[in-house]
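Student: Just need the structure, nothing else, for what follows:
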Amino acid sequence: MTHLWVRAEQRDNETRVGLTPQGAAKLIAAGLTVTVEDSATRCIPTDRYAQAGATIAPEHSWPDAPDDAVVFGLKELPDDGTALRHRHIMFGHAFKGQPAGQVLLRRFADGGGTLFDLEYLVDTDGRRVAAFGYWAGYAGAAVALTCWIAQQKGRIAGPVSPSRSANHMLADLQAALVSTGTHRPTALIIGALGRVGTGAADLCTVMGVPTTRWDMAETASGGPFPQVLAHDIFFNCILARPGTPVFVPAGTPHQPRKLTVIGDIACDPDSDFSPIKVYDRTTTWEAPALRVHDAPPLDVTAIDNLPSMLPVESSEDYAEQLLPSLLTLGEMDAGVWARAKDTFDAAQRG
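Tutor: So this is what the prediction gives:
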């Protein structure tokens with residue numbers, strides 16, 4: 001019998017989960033064993049999983065899970081160097097040459113485990129079966145607009161925090177925007193037709209921010225793209241991969257520009273393929289803006305767990321998308337799971 005072990009997240013500001021109680025009940029009805037770790041921070045209370053029939057385990061007890069358990073979480077494991085013997089489902093950030101990713105792959109090699117990276121659970125057309133993209137775009141646009149608002153007041157953006165709902169986020173952001181006056185920034189979105197870009201565009205529309213929306217056709221030339229400099233805010237909503245054009249070259253801060261905020265929602269600064277060349281590290285909830293130039297200002301915001309700003313909505317949306325694949329966990333040598341393992345095996349071979 002297939003055993004899915006849902007671990008408690010161990011990263012700061014991470015309260016999302018990839019399985020709802022309703023989903024757990026469906027897995028159990030399909031014959032799977034479901035264990036859910038207790039969590040003091042998860043956005044869905046543990047007792048709802050118990051009511052759905054899941055076994056409840058102590059928080060962070062997954063290292064002691066049975067050998068045949070499939071351990072499921074979202075974000076990174078503790079960076080303690082221990083060997084990994086289980087099959088793990090999570091976002092590993094390990095297949096694009098990231099330094100931390102190489103360390104993670106060695107841990108799997110040492111323990112004999114396998115990484116089924118959520119980013120690489122794809123259908124036969126190569127399209128991801130589940131993604132947080134929409135809510136990443138929505139929240140990322142809100143943070144970028146917060147950075148712009150702070151600039152209008154001669155400041156750099158302060159700490160951000162999760163919202164109880166999208167409506168609460170919009171109300172707070174609207175009040176902050178109104179406090180700056182009637183002027184509104186312009187924004188350019190690259191990757192506007194994808195889920196991330198759609199979320200960013202929807203937030204901008206509600207806030208009255210005029211947007212220029214680009215996708216593959218507009219970037220096919222490979223650049224340069226002076227239009228980026230002609231907007232107040234630029235959103236990168238395209239995942240870094242071989243062949244991705246450079247949208248913001250390293251010399252951008254010193255060029256004449258209207259641009260003052262870059263929202264790198266795709267957020268992969270460690271990758272050699274990153275299209276944003278003016279920064280080299282992610283930003284945080286405590287310090288969401290990285291100032292890369294002072295006069296005129298240029299701030300980059302690149303938070304890599306943006307959907308956690310709207311944890312309930314993003315969790316419910318993602319879990320619904322992923323559930324059909326979780327229902328096939330009994331056949332991990334086929335379909336999306338086999339494709340993900342092929343990607344992992346190729347990365348391990350180097």
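Student: Tell me who's in contact with Ala30.
Tutor: Taking CB atoms under 8 Å, 6 or more residues apart in numbering as the contact definition, Ala30 lies against Leu327. Just so you know, the C-beta spots here come from the backbone N, C-alpha and C atoms, and that holds for glycine as well.
Student: can you tell me the average pLDDT over the longest helix along the chain?
Tutor: Ranked by residue count and defined by DSSP state H, the top helix of the chain is helix 133-152. For helix 133-152, mean pLDDT rounds to 97.
Student: Can you tell me what sits against the lowest-mean-pLDDT helix or strand in the chain?
Tutor: Of all the helices and strands that make up the chain, the one with the lowest confidence by mean pLDDT, DSSP states H and E is helix 99-111; it has a mean of 92. The set of residues that contact helix 99-111 without belonging to it, under CB under 8 Å, 6+ apart, is 76-77, 79, 81-86, 88, 92-95, 113-115, 270, 344, 347-348.
Student: Apply 7 Å and report the result again.
Tutor: When contacts are taken as CB atoms under 7 Å, 6 or more residues apart in numbering, the neighbours of helix 99-111 outside the stretch itself are 81-85, 92-95, 114-115, 270, 347-348.
Student: Can you list the buried residues in whichever helix or strand comes after it?
Tutor: Next helix or strand after helix 99-111 toward the C-terminus (DSSP states H and E): strand 114-117. Within strand 114-117, the residues that count as buried by 16 or more other CB atoms under 10 Å are 114-117.
Student: ok, what's across the strand from the closest residue to Phe72 other than its chain neighbours?
Tutor: Ranked by CB to CB, 6 or more residues apart in numbering and with sequence neighbours excluded, the top spatial neighbour of Phe72 is Ile89, at 4.4 Å. Legend: beta-bridge partners of Ile89 under DSSP bridges are Phe72, Phe116.
Student: Quick check: the gap between Ile89 and Ser308.
Tutor: Using CB to CB, to the nearest Å, one gets 18 Å for the distance from Ile89 to Ser308.
Student: what does Ala175 give?
Tutor: In terms of CB to CB, Ala175 sits 22 Å off from Ser308.
Student: Touching, Gly223 and Val248? I think so.
Tutor: No - the pair Gly223 / Val248 is not scored as a contact, 9.9 Å apart, by CB atoms under 7 Å.
Student: Give me the more crowded residue out of these two.
Tutor: Counted by other CB atoms under 10 Å, Gly223 and Val248 do not tie: Val248 has more neighbours, with 26 against 13.
Student: Now for the more buried one: which residues touch it?
Tutor: With CB under 7 Å, 6+ apart as the criterion, the residues that contact Val248 are 228, 234, 262, 275-278.
Student: switch the cut-off to 10 Å
Tutor: 223-225, 228-229, 234, 236, 259, 262, 264, 274-279, 292, 298, 300 (CB atoms under 10 Å, 6 or more residues apart in numbering).
Student: ok, Ala175 and Ser308, which is more surrounded?
Tutor: Here Ala175 and Ser308 are set side by side on neighbour count (other CB under 10 Å), and the busier one is Ser308, at 26 against 9.
Student: Please settle this for me: is the more buried one part of a strand?
Tutor: No - Ser308: not assigned to a strand; according to DSSP: H, G, I helix; E, B strand; the rest coil it is helix.
Student: Sounds good, over and out.
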